[in-house]
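[1] sequence first, predicted model second:
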Amino acid sequence: MASKEQIDKKKMPKHIAIIMDGNGRWAKQHGKNRIFGHKQGAKAVKEIVEISGEIELEYLTLYAFSTENWNRPKLEVEALMSLLVSSINSETRELIKNNVRLLAIGNHDKLPKNVRKKLYDAIDATSKNTGLKLVLALSYSSKWEILEAVKKIASQIKEEKLQVEDINETIFDQNLTTKDIPHPELMIRTSGEFRISNFLLWQLAYAELFFSDKLWPDFGKEDFLDAIVNFQQRERRFGKTSDQVQQKI
Ligand code: FPP
């Protein structure tokens with residue numbers, strides 16, 4: 001189990017993204033309903049946000065609700081929406097106190113009005129904070145985001161603001177909902193599943209992936225630090241050879 005002291009400050013990832021999976025299975029294992037599992041999941045969110053601030057992480061993106069999650073039973077969707085509202089209600093003051101800035105990505109037109117308002121009020125209330133940027137992926141899917149970017153680029157070409165030849169990775173990046181956010185260097189998924197599930201497909205191109213067997217409600221500060229220590233021990237080659245990376249040639 002890693003501790004904060006084991007983290008090499010010089011090798012800190014700027015941005016960590018997490019697929020928080022396993023609330024339902026956690027609930028089943030404890031003889032509770034799925035909603036209870038999500039509530040426990042929200043407690044784990046609080047822990048991970050706290051430790052992220054303590055180790056001075058710059059960006060933490062949490063996959064809180066995917067586009068596909070709208071297809072879950074109505075009661076579960078409603079419970080997740082009200083959990084989001086109650087978490088914002090109870091935590092905004094704490095976020096401000098800890099200098100955390102809240103951001104959100106996703107198709108927010110689909111969110112119920114009251115949820116959208118709460119979310120944007122909290123985003124506004126924390127907008128001056130300069131510490132951890134906490135990005136909630138809400139009603140988010142990467143394919144949706146990529147298609148939106150393609151539409152925006154196509155409109156710019158139609159309006160003759162952009163030439164086809166000028167489209168490059170930077171232009172594409174600027175048309176994503178993550179436009180001002182660096183790409184994650186580390187992506188963590190809990191619950192022993194090995195999938196990306198429509199999450200930040202473009203942005204994760206060179207991310208290191210870390211899969212934990214723990215179900216999300218059981219994923220604590222030490223597990224998070226373990227993932228970072230593991231990341232710091234990896235050699236990131238970006239298509240180069242090991243010798244090149246170590247500057248032997
Ligand atoms: C995946 O577990 C989790 C979700 C779909 C929702 C994530 C929500 C939270 C962690 C709680 C609230 C979040 C915030 C930001 C306050 P699952 O339901 O797919 O689990 P299963 O695969 O075991 O069924």
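    Received it, and whenever you're ready, just let me know what you need. Numbers count the residues shown, from 1 in each chain.
[2] list the buried ones in the lowest-mean-pLDDT helix or strand in the chain?
    Counting by mean pLDDT, DSSP states H and E, the chain has its least confident helix or strand at helix 242-245, which shows a mean of 87. Within helix 242-245, no residue counts as buried by 16 or more other Cβ atoms under 10 Å. Quick note: C-beta positions are derived from backbone N, CA and C, even for glycine.
[3] got the contact list for Glu76?
    Arg34, Ile35, His38 (Cβ atoms under 8 Å, 6 or more residues apart in numbering).
[4] any idea how far it is from Lys214?
    22 Å (Cβ to Cβ, to the nearest Å).
[5] centre-most residue in this protein?
    Thr61 (2.1 Å; Cα atoms, centre = their mean).
[6] wait, is that one part of a helix?
    No: read with DSSP: H, G, I helix; E, B strand; the rest coil, Thr61 is strand and lies in no helix.
[7] quick one: contacts for it?
    Going by Cβ under 8 Å, 6+ apart, the list of residues near Thr61 reads His15, Ile16, Ala17, Ile18, Ile105, Val135, Leu136, Ala137, Ile181, Pro184, Leu200.
[8] could you list the low-pLDDT ranges of this protein?
    Scanning the chain for pLDDT under 70 picks out 248-249.
[9] returning to what we had before: wait, which of the contacts of Glu76 is closest to the ligand?
    His38 (4.7 Å; Cβ to the nearest ligand atom).
[10] distance-wise, check that closest one relative to Arg195.
    Distance from His38 to Arg195, by Cβ to Cβ: 20 Å.
[11] quick one: which of those two has more around it?
    Shown here are His38 and Arg195; by other Cβ atoms under 10 Å, His38 has more neighbours (22 against 10).
[12] excluding sequence neighbours, find me the nearest residue to the more buried one.
    Nearest residue to His38, sequence neighbours excluded (Cβ to Cβ, 6 or more residues apart in numbering): Asn23, at 4.9 Å.
[13] so the one you found sits against Ala42, correct?
    No: between Asn23 and Ala42 there is no contact under Cβ atoms under 8 Å: 9.1 Å.
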